[in-house]
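> here is the input, now give the coordinates:
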Amino acid sequence: MIILNQRQQELLSWVQRDGHVTVEKLAAHFGVTYQTIRRDISLLAGEKLLHRMHGGASVLSSVENVAYNERQVLFSTEKQRIAKLVAEHIPNHASLFINLGTTTEEVAKALHNHRGLHVITNNLNVAAMMCDYPDCEVIVASGVMRPRDRGIIGEATIEFIRKFKVDYAIIGISSIENDGTLRDFDLREVRTSEAIIQQSRNVFLVADHSKFGRPALVELGHLSKITALFTDRPVSDEMAEVIAEAKTELFVAD
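Okay, here's the model as predicted:
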């Protein structure tokens, strides 16, 4: 696992957004030499975060997500800022769904001072963390555990989730397309998230800036299903219009 500097994180975000970018464009944008950009690309390719190609870099895959341990450190500061903002919008004594993802795990950390929470989760990392919080009840969904991130998915998970109706869902996503379509990589995970959305009175979507325009395989739905979107950077005018048309509130973390 590596810690990426700001330039490398922005480079990766650019590749994920556009699918391909040249060394020439990257060097001009960051004001560094071609050699520096090539070293960055080689480093990111070695960590299997993107694909190195002649003259530039391209997105790794639209069918497979970045490894969980790498996602834990990617844009970690941004995710913490998002999580802090989300926690400010969750009252004490609320009932919550928290699904899979490194950003939702940061939200779970940010809720450590809340009282009287009732949390239902298919994320064992979240469950292990929040079970030690004072006056917090944690209910773990049944189903099949996915070893790479300790997520619980499958038909049993969906059936379990449908037994509850909660105040807030905290969900993550891998991709927000330009038209507001939400996408992820695993069909079973998407179906679980669909059930969580259906069984929640308010749905909070947490997504750092790298998720906008990123390719991913499986459609989850549209931003119109989301009560509020929490991100770390101002969105483009075009995306702001899509969000407004979806009647989704937008919150940008400082």
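
> neighbours around residue 78, how many?
19 (other C-beta atoms under 10 Å). Quick note: C-beta positions are derived from backbone N, CA and C, even for glycine.

> same question, residue 185
Every residue meeting other C-beta under 10 Å relative to residue 185 is counted, giving 18.

> same question for residue 50.
25.

> name the SS class of residue 120, please.
Recorded secondary structure, residue 120: strand (DSSP: H, G, I helix; E, B strand; the rest coil).

> residue 37 versus that one, what's the distance?
Going from residue 120 to residue 37 by C-beta to C-beta, to the nearest Å gives 45 Å.

> residue 55 now?
Separation of residue 55 from residue 37 (C-beta to C-beta): 11 Å.

> of the two, give the one with the bigger neighbour count.
Between residue 55 and residue 37, residue 37 has the larger neighbour count (other C-beta under 10 Å), namely 25 against 11.

> returning to that earlier point: intersection of neighbour lists for residue 55 and residue 37?
Each of residue 23 lies in contact with both residue 55 and residue 37 under the rule C-beta atoms under 8 Å, 6 or more residues apart in numbering.

> next, residue 126: phi, psi?
Main-chain torsions, residue 126, degrees, to the nearest 10: phi -70, psi -50.

> pretty sure it contacts residue 102?
No. When contacts are counted by C-beta atoms under 8 Å, residue 126 is not listed as touching residue 102 (10.8 Å).

> identify the residues contacting the closest residue to residue 19 other than its chain neighbours.
Leaving aside its chain neighbours, residue 19 sits nearest to residue 59 (5.0 Å; criterion: C-beta to C-beta, 6 or more residues apart in numbering). Counting by C-beta under 8 Å, 6+ apart, residue 59 makes contact with 15-16, 19-20, 50-51, 214-215.

> same thing with residue 136?
114-119, 130.

> try 7 Å this time
Contact analysis of residue 136 by C-beta atoms under 7 Å, 6 or more residues apart in numbering lists 117, 119, 130.

> need the pLDDT of the last one.
Per-residue pLDDT puts residue 130 at 97.

> got phi/psi on it?
Backbone torsions of residue 130, given as degrees, to the nearest 10, read phi -80, psi -20.

> repeat that for the first one.
Summarising the backbone geometry of residue 117 under the convention degrees, to the nearest 10, its torsions are phi -80, psi 140.

> right, and it touches residue 91 too?
No. Here residue 117 does not reach residue 91: they are 9.5 Å apart, not a contact under C-beta atoms under 7 Å.

> show me which of the two is the more surrounded one.
Remark: of residue 117 and residue 91, residue 117 carries more neighbours, 23 against 12, as counted by other C-beta under 10 Å.

> for the more buried one, what are its contacts?
94, 96, 111, 136.

> out of these, who's the most crowded?
residue 96 (26 neighbours).

> ok, what's across the strand from that residue?
residue 119, residue 168 (DSSP bridges).

> separation between it and residue 171?
Using C-beta to C-beta, residue 96 is found at 11 Å from residue 171.

> okay, residue 126 and residue 102: which has more neighbours?
Using other C-beta under 10 Å as the criterion, residue 126 and residue 102 rank with residue 126 on top: 27 against 22.

> if we ignore the residues flanking it in sequence, what's nearest that one?
Per C-beta to C-beta, 6+ apart, closest to residue 126 is residue 108, 4.5 Å.

> isn't the one you found up against residue 128?
No. Using C-beta under 7 Å, residue 108 is not in contact with residue 128; the gap is 9.8 Å.

> circling back: so what's the residue count around the residue nearest to residue 126?
Residue 108: 26 surrounding residues under other C-beta under 10 Å.

> which stretch of helix or strand covers it?
helix 102-110 (DSSP states H and E).

> next, the buried residues of that helix.
102-108, 110 (16 or more other C-beta atoms under 10 Å).
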